[in-house]
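>>> here's my sequence, what's the structure:
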Amino acid sequence: MKVKNTKVPEDSLTSRYTPADYVDCFTTEVCNQLPVTPDEMIIRFWTHHPAWVTFLFKLRNKLIKLVGLKEEEKDQEAFISHIREGKSSGGMLVTDKSENETVMCLDATHLKAYLSVYLRKKDNQTNFLSVITVVHIKNRQGKIYFTAIAPFHRIIVKRTIKYIINSFYLKSKKR
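Down below sits the predicted model:
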């Protein structure tokens, strides 16, 4: 499976949040027989990671405390419920939803970031799945923070997409 850096789809709900300081879009093809929805994908994106990504998040959380930033703890069950209901959870807010897309916003003191999962039908057997990130940097701390994490962000997004799709695929093969 290839995950490619692509242009943001023209009809993406994230267009409401541009221009921005940073925008990326990573896209792959998925079998439309898999139980993939934007809500399920965004939930999995925030709750299912390869072990090395989980380690990096824990390390990041420790390091950002040193510079006066804090990461909010998330109650995973409440988080999942709130996404499905379109509510906010632990500093994250579902800002937009459509049949094809779910957009979440994390509004912190140093930056405001939007993450979108966007699905578009390619043909009768395949969908395009895109994960879109839009970032507005608020201050010097945000610029330093995002400059430090941006290279990791791109790697983590691509690898997490593969990890999630593979877990969906393996789960559906066992049925």
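>>> tell me where the chain has helices.
With DSSP state H as the criterion, the chain has helices at 38-47, 51-66, 76-85, 140-173.
>>> lowest-confidence stretch among the ones you listed?
Among those, helix 76-85 has the lowest mean pLDDT, at a mean of 62.
>>> next one, pLDDT for the residue positioned nearest the centre of the chain please.
Closest to where the C-alpha atoms of the chain average out (Cα atoms, centre = their mean) is residue 115, at 4.5 Å. Residue 115 carries a pLDDT value of 95.
>>> for the closest residue to it other than its chain neighbours, give me its contacts.
Nearest non-adjacent residue to residue 115, counting by Cβ to Cβ, 6 or more residues apart in numbering: residue 104, 5.2 Å away. The way it works is simple: take the backbone N, C-alpha and C, and place the C-beta from them, glycine included. Counting by Cβ atoms under 8 Å, 6 or more residues apart in numbering, residue 104 touches 42, 83, 92, 93, 94, 95, 114, 115, 116.
>>> rerun that using 6 Å as the cut-off
Taking Cβ atoms under 6 Å, 6 or more residues apart in numbering, we find residue 104 in contact with 92, 94, 115.
>>> and the second one, how many neighbours?
Put plainly, it is residue 94. Neighbour count for residue 94, taken as other Cβ atoms under 10 Å: 19.
>>> from here on, call the first residue 29.
Sure, I'll start counting at 29 from here, so that last one is residue 122.
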